[in-house]
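Chemist: sharing a sequence plus its predicted fold:
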Amino acid sequence: MTRLRHFGEATPILRYSNWIAAALVTLFATYLHALFLLNAGGLWRDEAAFLHLSLLPSVSEVWQTLGYDHCPILMPLVVRAWSAAASLGNTDPFLRVLGLVIGLLLLLAFWFASWTMCNGAPLLAVTLAGLNVTVVRAGDSLRGYGLGSALAVLALALIWRLACRPSLAAFSCAVAVAVLSVQSLYQNAFFVFAACCGGFVLCAMERRWRDTLPILAVGAAAAVSLLPYIPLIIRAQEWYIIAKVGFRFSHGWKQLSVATGSPLTVFTWLWVALWIGALTATICVLFCRRDRLPQHARRLILFAGTSLVLGAAGFAFFLKLADFPTQSWYYVPLMAFSAACLDAIFFAAWRWARPAATILAALTISASFLFELPAVKCRQTNVDLIAARLSTEVTPHDYVIVHPWQRGVTFNRYYKGAAPWTTLPPLEDHAVHRYDLLKVKMQTKDPIAPVIDRITSTLQSGNRVWLVGNFPFTQEPLPEIRPAPNNPWGWFDPFYSLYWGEQVTQFLSAHSGHFAAVINPATNCINPYENLPVLAVTGWKP
C-alpha cells in the first residue's frame with residue numbers, strides 16, 4: 001500500500017488541499033472573466049463579422065455564408081438563440097454576457113474532466129489555462145474558441161469513460177459531445193481523433209477488442225457530421241488564396257509562445273517542461289514494469305498521454321493544412337485540451353505533483369495580480385468610440401475612408417453618420433470579411449480610382465476627408481503595380497493594402513492644405529489590432 005500511495009495516490013491532507021486550492025484558483029479565474037466582461041467594450045472586427053453572419057434572416061443564409069468565416073454552424077446557432085432569448089438582442093453588453101457564460105463553461109469542463117478521469121480537482125488545468133490571458137480574452141470573445149475548447153475537454157473525458165466502462169449511456173453521451181465538438185471548431189476533429197486513439201490504445205493494450213468498436217464509432221460519427229461542409233470549404237478556397245502565405249513552424253512557435261507566456265513569459269517554458277514530462281511518463285508506462293504504478297494511474301497516463309501527443313500533432317497538421325499565418329488566439333483549443341491531459345497525467349503519476357501544483361497556483365495568482373489584470377481589462381476595439389464621435393461630427397458632404405479594409409467590418413456595425421464612407425478598395429459589402437470581393441478588386445488595374453475622385457470633389461467643395469486607420473505615409477515614388485497576381489507578392493493582400501494606403505496619402509500630401517489629428521491611438525490598453533487613429537484633411541491645392 002505504501003508503494004501504491006507513493007506513485008499514484010495522495011494522503012487525505014494532500015487530496016483536500018488540492019480541492020481547496022483548485023476552488024480558489026477557479027474563483028480567481030472567474031474574477032478574471034468578470035473583469036473582461038466589464039472592460040471589453042465593443043465588438044472588434046472578427047466578432048462583428050461573426051455576429052452579422054449569425055443573425056442573418058434564416059439559418060439557410062447562415063449556412064451559405066459560413067465560408068466567409070472559419071468555424072462550423074454550432075456557435076452561430078448559439079448566438080442566434082442567445083439573441084432571441086431576450087429583448088436586449090444583439091447589444092454589446094448582452095453579447096459579452098454570453099462570452100462570460102462560455103468562459104465559465106470551460107472552467108466547469110475542467111472540473112468535470114478531472115472528476116471523471118482522476119476523481120480529483122483540476123488544479124493544474126485551471127492554473128495553466130484558467131488564469132491565462134489569451135484563454136480568457138479569446139475564450140470569452142464572440143467566436144468559437146471558448147465553446148470549442150470546452151467541448152473538446154468534455155469529449156476527452158467522455159471518451160475516457162467509454163473506454164473504461166462501456167455502456168449505452170456512455171456511448172450516447174460521447175457521440176453527442178464529440179459531434180458538437182467538431183461542429184464548434186473544425187480543428188476539434190483532430191482532438192476527437194486523438195482521444196479516440198487514446199481509448200483505442202488503452203483497450204488494445206488490455207486486449208478488450210470489442211470495447212474498441214464503440215470508440216471507433218464515436219470518431220466515425222464526428223467525422224460523418226463534417227461531410228456537409230466539404231462543398232463550402234472547397235468553394236472558400238477560391239478566395240482564401242489571397243490570405244494564404246504558408247504556415248511556418250517558426251512563426252507558429254512565436255505565436256504559441258505569446259499564447260502560453262501569460263502572465264509571464266517563463267510560463268511558456270513551464271508548458272514545454274510539462275509537455276516533455278507527460279511524454280516521458282507515457283513512454284515509461286509503455287515500456288517499464290507494469291507493477292510500478294496502480295492500474296488506474298497506468299491506464300490514465302496511457303490514455304491521456306496518447307491523446308496529448310496525437311492531439312498536438314494533429315493540431316500542427318491542421319495549421320499546416322490551413323496554410324494561414326496564425327495568431328496567438330488560434331492556440332486556445334490546443335492549450336485547453338493539453339491542460340486537461342497534463343492534469344490527468346501528472347496527478348496520476350506523481351504524488352508530488354499535487355503540492356507542486358498548489359505552489360504553482362499560488363505563484364500564478366500572485367503574478368496575475370501584478371501583470372495580468374491590466375491585460376484582461378483591455379478593450380477589444382476603439383472603432384466603436386471613433387464611429388460614435390464621427391457620427392456626430394461629420395456632415396453629409398464629408399467623406400470617410402477606413403483603412404485597412406478589414407476594419408470596415410467594425411466600422412460598418414457602429415457608424416451612423418450622414419457622410420458616405422468607404423475602404424481601400426471600395427467593397428459592396430462590409431458586413432463580413434468579403435475576401436471574394438477583395439480578390440475581384442485586386443485583379444483590376446486601378447481599384448481605388450473612385451476613391452481618389454471622391455477625395456478630389458470633397459476637398460474642392462470645401463468639405464473634409466476623414467482618415468480612419470493606420471494610413472502609411474511615404475515620400476518615396478510609388479512604382480506602378482499590375483493586377484494580382486502579377487506582382488512579386490502574388491495574391492497576398494496586405495501588400496496591396498499597403499500600396500493603396502500610400503497612394504491615398506501621397507495624393508493628399510500633394511493636394512490638401514491641412515492634416516489634423518482628431519483621435520490619436522489610445523495609450524490605455526486596447527487590442528492592438530484595432531487601436532486606430534483619426535485624421536481630418538481639409539483644403540485643396542491644385
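Modeler: The structure has been received and is ready for your questions. Please read all numbers here as calculations on a predicted model, not as lab measurements.

Chemist: low-confidence stretches in this structure?
Modeler: Filtered on pLDDT under 70, the chain yields the residue ranges 1-15, 87-89, 289-292, 350-359, 361-362, 366-371.

Chemist: give me the distance between the residue minimising distance to the centre of it and Gly148.
Modeler: For the chain, Trp329 is the residue whose C-alpha lies nearest the centre (Cα atoms, centre = their mean; 3.9 Å). Separation of Trp329 from Gly148 (Cβ to Cβ, to the nearest Å): 12 Å. Where you see a C-beta, it was placed from the backbone N, CA and C, and this is true even at glycine.

Chemist: count the residues that sit near Ala220.
Modeler: Burial of Ala220 is recorded as 13 neighbouring residues (other Cβ atoms under 10 Å).

Chemist: and Ala517, its phi and psi?
Modeler: The phi/psi pair for Ala517 (degrees, to the nearest 10) reads phi -80, psi 120.

Chemist: then Val468?
Modeler: With angles defined as degrees, to the nearest 10, Val468 sits at phi -110, psi 110.

Chemist: got the contact list for it?
Modeler: Counting by Cβ atoms under 8 Å, 6 or more residues apart in numbering, Val468 makes contact with Val383, Ile386, Leu390, Val400, Ile401, Val402, His403, Arg407, Phe411, Leu532, Val534.

Chemist: in TSV: the residues you listed, plus secondary structure, neighbour count and distance to Ala48.
Modeler: Formatted as TSV, these follow (DSSP: H, G, I helix; E, B strand; the rest coil; neighbours: other Cβ atoms under 10 Å; distance: Cβ to Cβ, whole Å):
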residue	secondary structure	neighbour count	distance to Ala48
Val383	helix	31	9
Ile386	helix	26	14
Leu390	helix	24	17
Val400	strand	23	17
Ile401	strand	25	19
Val402	strand	27	13
His403	strand	23	17
Arg407	helix	23	10
Phe411	helix	25	9
Leu532	coil	26	14
Val534	strand	21	18
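
Chemist: all strands of the stretch 151-300 of the chain, in order?
Modeler: Remark: no strands are assigned in the stretch 151-300 of the chain by DSSP state E, counting those that start in this stretch.

Chemist: which residues in it form helices?
Modeler: For the stretch 151-300 of the chain, helices defined by DSSP state H, counting those that start in this stretch occupy the ranges 168-182, 188-205, 212-224, 230-240, 249-260, 266-287, 295-322.

Chemist: can you mark which positions in the last one are buried?
Modeler: When you say that, I think you mean helix 295-322. 297-312, 314-316, 318-319, 322 (16 or more other Cβ atoms under 10 Å).

Chemist: quickly find the element holding Ala21.
Modeler: Here Ala21, judged by DSSP states H and E, is contained in helix 12-39.

Chemist: tell me what that helix is packed against?
Modeler: Helix 12-39 sits against helix 92-117, helix 123-125, helix 133-140, helix 353-367, helix 373-376, with contacts defined as 3 or more Cβ pairs under 8 Å, 6 or more residues apart in numbering; DSSP states H and E.

Chemist: hey, what's the angle from the first one to helix 168-182? Just curious.
Modeler: Orientation note: helix 92-117 sits at an angle of 140 degrees relative to helix 168-182 (axes from the mean of the first three to the mean of the last three Cα atoms, to 10 degrees).

Chemist: I'd say Val136 and Ala34 touch.
Modeler: No. The criterion here is Cβ atoms under 8 Å, and Val136 misses it with Ala34 at 10.2 Å.

Chemist: the two: who's more crowded?
Modeler: Neighbours of Val136 and Ala34, each counted by other Cβ under 10 Å, are more numerous for Val136; the result is 26 against 15.

Chemist: the more buried one and Ala259, how far apart?
Modeler: Val136 is 12 Å from Ala259, where distance means Cβ to Cβ.

Chemist: what of Tyr31?
Modeler: To Ala259, Tyr31 is 21 Å away according to Cβ to Cβ.

Chemist: ok, Cys197 next?
Modeler: Distance of Cys197 to Ala259, computed by Cβ to Cβ: 25 Å.

Chemist: likewise Ile455?
Modeler: Ile455 sits at a distance of 41 Å from Ala259 (criterion: Cβ to Cβ).

Chemist: out of the two, which sits in the busier spot?
Modeler: Ala259 (24 against 21).

Chemist: surely that one touches Val332?
Modeler: Yes. The criterion here is Cβ under 8 Å, and Ala259 meets it with Val332 at 7.0 Å.

Chemist: what is in contact with those two at once?
Modeler: Thr134.

Chemist: still on that earlier bit, for the residue nearest to the centre of the chain, which residues are in contact?
Modeler: Thr134, Arg137, Ala138, Ser141, Arg143, Tyr145, Ala259.

Chemist: help me confirm that it is found in a helix?
Modeler: Yes. Assigned with DSSP: H, G, I helix; E, B strand; the rest coil, Trp329 falls within a helix.
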